[in-house]
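S.K.: I'd like to go over a predicted model; first the sequence, then the structure.
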Amino acid sequence: MKKRFGIFSAVVIAAALTLTGCSSSDSATTETAASCAKADLATVTAGKLTIATGEPAYYPWVIDDKPESGEGFEGAVAYAVATQLGFTNEEVVWVRTTFDSAVTPGEKNFDFNLQQFSITDERKTAVDFSSPYYTAPQAIVSFKGSKIDGKTSLADLKGAKLGAAVGTTSLDAIENQIGAKPQVFNDNAAGVSALKNKQIDGLVVDLPTAFYLSGVEVPNGLIVGQLPSTGSGDQFGLLLTKGSKLTSCVSGAVDAITTDGTLAAITDKWLATDAGAPVLKP
């Protein structure tokens, strides 16, 4: 995530690897495959995969602050990637870091870290990122008993008073996807204040922020739903030490679980159905 207000089914952007048929390419492919064999991976601890997350780690990313359970979106993603790399659950070791220490340059005590790190050009100068495992959609935060509580489609939102912060993707979404005239706020904090005072029916923010606002900031808060993905939004990647020998292999593992549908199933379970943030119908 980007450092924004608060602690804070989605579409994840993946790259397909296209192989061309010549002997030199075949050789390069074989070398790449061999380098990603479990025995060849230069992990922090031989035979183990050390994965980091935050202290604490929050719902729905990790359930009950226990990443080792594999419960929660990022817990499940971590173990799916580990499996692709050839590690059993018992061979995964968890450590904790702060957000800021993870994104600063230098050697790390983990093989990769996941705690909603947005992939940005600035951060790429200090750390490596895998292929994206999540693209944050927009979502609508409201409160129980509001005019839009229980609505299930974009058509149901016609006539609702919706707001968003100036200059954001959220503001564009109200105009372009919902077709409504938004109320514009200087920042999310001003929007939350308006929502608390019932001056608006809903505040549009990215989904990670929506989870935080509905659970912590807004009394009787709820997420009405996610807006259908347009492919835009913050992309989250697994974070690695700058120049890590694992980066290409970890990216390959993310690509694999994207291609085989594992990532979509994890996303639907933890960030839509079970998390109480269904995708609104067009």
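M.R.: Cool, got the structure.
S.K.: low-confidence ranges, this protein, go.
M.R.: Applying pLDDT under 70 to the chain flags the ranges 1-34, 232, 273-274.
S.K.: quick one: the strands in it, in order.
M.R.: Under the criterion DSSP state E, the chain contains strands at 49-53, 92-96, 112-113, 127-135, 138-143, 162-165, 183-185, 202-206, 221-226, 235-241.
S.K.: Serialize those to a markdown table and add fields for distance to A277.
M.R.: No exception for glycine: its C-beta is placed from N, CA and C like everyone else's. Listed next are those as a markdown table, based on distance: least, C-beta to C-beta, whole Å:
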| stretch | distance to A277 |
| --- | --- |
| strand 49-53 | 21 |
| strand 92-96 | 26 |
| strand 112-113 | 24 |
| strand 127-135 | 13 |
| strand 138-143 | 6 |
| strand 162-165 | 17 |
| strand 183-185 | 22 |
| strand 202-206 | 11 |
| strand 221-226 | 5 |
| strand 235-241 | 16 |
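S.K.: can you say which of those strands is nearest to I257?
M.R.: If you check each of the strands of the chain against I257 by C-beta to C-beta, strand 127-135 wins as the nearest, at 8.0 Å.
S.K.: quick one: K48 and E91 touch, right?
M.R.: Yes. Look at K48 against E91 with C-beta atoms under 8 Å: they come within range, at 5.5 Å.
S.K.: for R123, see how far away D206 is.
M.R.: Distance from D206 to R123, counting by C-beta to C-beta, to the nearest Å: 17 Å.
S.K.: neighbour count for these two, which is higher?
M.R.: For D206 and R123, the more surrounded residue by other C-beta atoms under 10 Å is D206, and the numbers stand at 25 against 19.
S.K.: mind checking how far the more buried one is from A190?
M.R.: From D206 to A190 the distance is 17 Å (C-beta to C-beta).
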